[in-house]
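S.K.: no letters, just coordinates:
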């Protein structure tokens with residue numbers, strides 16, 4: 001990636017899968033809701049603009065519990081272990097887009113709000129998959145993993161590390177409309193920040209997460225850090 005240091009993606013394709021959407025909201029169990037779901041999908045498709053920003057960064061310093069990327073320091077023993085043999089990494093922020101948050105819904109319409117959240121999650125996934133395709137095609141990465149602040153147990157990579165990650169990626173709110181709250185949550189709510197890094201063995205923060213009923217678990221718990229990085 002040439003200058004600028006980051007690249008903004010504002011025209012990400014969104015191949016919406018209506019069948020997957022209907023299955024997720026279990027529309028077959030509530031056929032009387034079909035007309036309302038149709039209206040929501042039509043309105044949301046007219047506004048959906050998933051976006052992302054990606055940067056190329058380099059590891060400059062490592063300690064047992066921290067790592068510095070282009071002069072920005074991150075506190076995480078897990079991150080330091082994962083980047084032990086790595087020089088180039090790819091910080092990113094991806095989002096469903098602020099346009100979907102502007103879709104007018106009645107405040108008491110909880111069902112439509114749930115449907116919209118499902119739709120927004122699908123738009124976010126399109127943005128993430130677009131970044132993955134860029135890494136494969138442009139940077140010839142065959143295997144890579146991602147870490148995200150706040151994902152997994154509190155000590156994996158604390159959510160407060162969102163702040164230095166945003167400072168590293170660039171003016172994220174100006175670039176793609178994603179802002180951090182005082183509690184380090186992202187708005188729009190269907191947004192994700194993290195760090196892609198090349199690896200031969202896939203890593204997920206879920207492997208270190210002890211929560212048994214997490215609805216977004218992507219990998220089974222494998223024990224403490226030492227069981228993954230002896």
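M.R.: Structure's in. What do you need? These figures come from a predicted structure and were not determined experimentally.
S.K.: only C-alpha atoms from now on, for both contacts and neighbour counts.
M.R.: Noted.
S.K.: from the chain's centroid, how far away is stretch 166-176?
M.R.: For stretch 166-176, the separation from the chain centroid amounts to 14 Å (computed by Cα atoms, centre = their mean, to the nearest Å).
S.K.: for residue 167, see how far away the residue lying farthest from the centre of the chain is.
M.R.: Distance from the C-alpha centroid of the chain, by Cα atoms, centre = their mean, peaks at residue 32 (33.7 Å). From residue 32 across to residue 167, the span is 47 Å (Cα to Cα, to the nearest Å).
S.K.: and if you look at residue 184?
M.R.: Going from residue 184 to residue 167 by Cα to Cα gives 13 Å.
S.K.: swap in residue 19?
M.R.: Here the criterion is Cα to Cα. By it, residue 19 lies 39 Å from residue 167.
S.K.: show the pLDDT at residue 195.
M.R.: We have a pLDDT of 96 for residue 195.
S.K.: spatially central residue for the chain, please.
M.R.: Relative to the mean C-alpha position of the chain, the nearest C-alpha, by Cα atoms, centre = their mean, is the one of residue 192, at 2.8 Å.
S.K.: pretty sure that residue is in a helix, no?
M.R.: No - following the definition DSSP: H, G, I helix; E, B strand; the rest coil, residue 192 is strand and is not counted among the residues of a helix.
S.K.: what are the buried residues along the lengthiest helix in the chain?
M.R.: The residue-count maximum for a helix in the chain (DSSP state H) belongs to helix 110-138. Along helix 110-138, these residues count as buried under the neighbour rule (16 or more other Cα atoms under 10 Å): 112, 115-128, 130-132, 135.
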